[in-house]
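Peer 1: dropping the sequence and predicted coords here.
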Amino acid sequence: AQSVTQLGSHVSVSEGALVLLRCNYSSSVPPYLFWYVQYPNQGLQLLLKYTTGATLVKGINGFEAEFKKSETSFHLTKPSAHMSDAAEYFCAVMDNYGQNFVFGPGTRLSVLP
Amino acid sequence: KAGVTQTPRYLIKTRGQQVTLSCSPISGHRSVSWYQQTPGQGLQFLFEYFSETQRNKGNFPGRFSGRQFSNSRSEMNVSTLELGDSALYLCASSLEVRGNTGELFFGEGSRLTVL
């Protein structure tokens, strides 16, 4: 069975600082990997996804993530945090048979002025 | 292109009642999935429908049910509501069964409060 872990249920960074949100997965087959963001009282919005090809994936709002198969990781980064980045971030994995789409528990990002 | 629309956005029910939530997917999307989101349990998969057929089901009791219509619109129903059913219910649509691109497009959710 697939699973996703996100280290840190709550991460705080200062405005302008590096954002690093960690995601590790377990999957018996090569996975598809996703990061979603959820702003208060809203649904989830896709930030970026990895399916095949280049392991460094760029998404919206300046975020990027790198797929590292050897580490089974897909960490999300942004060089400089903005107040508007405060939200909850979910990592998700799907096997490439399309049978299972599993979300991690989420990491709440706070950006301090 | 209109996004995923969920109605109602907010509702309050009492224990023992039943509730029906509606989801209209993005035009052309044939797959609709439902998730329950709570602070304690996070996002939990309820079920997925494709072409009016339930394709996958999560680990929820039979009080939770759903259906999909020929126009891909979906409804979910929760009967005999319990306090623990209070949650944000999210609907997501995708172009096909999640096998191809896997991208889910989410609605803003229906927030259910059970008193």
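Peer 2: Received the coordinates, thanks. Residues are numbered from 1 along each chain as shown, chains lettered A, B, ... in the order given.
Peer 1: for residue A:70, grab phi and psi.
Peer 2: Torsion angles at residue A:70 (phi, psi; degrees, to the nearest 10) stand at phi -60, psi -30.
Peer 1: quick check: closest non-adjacent residue to residue A:62.
Peer 2: Closest residue in space to residue A:62, ignoring its immediate chain neighbours: residue A:78 at 5.2 Å, by CB to CB, 6 or more residues apart in numbering or on different chains. For the C-beta atoms, the positions are set from N, CA and C on the backbone; glycine is no exception.
Peer 1: what's across from the one you found in the sheet?
Peer 2: For residue A:78, the beta-bridge partners are residue A:19 (DSSP bridges).
Peer 1: next one: residue A:37
Peer 2: Under the criterion used (DSSP bridges), residue A:37 bridges to residue A:45, residue A:89.
Peer 1: tell me how far the residue nearest to residue A:62 lies from chain B.
Peer 2: In this view, residue A:78 and chain B are 21 Å apart by CB to the nearest CB, to the nearest Å.
Peer 1: state the pLDDT value of that residue.
Peer 2: Looking at residue A:78, its pLDDT reads 98.
Peer 1: which stretches of chain A have low pLDDT?
Peer 2: In the predicted model, chain A carries pLDDT under 70 at residues A:28-29, A:95-100.
Peer 1: coming back round to it: quick one: contacts for the residue nearest to residue A:62?
Peer 2: Residue A:78 makes contacts with A:18-19, A:61-64, A:85, as judged by CB atoms under 8 Å, 6 or more residues apart in numbering or on different chains.
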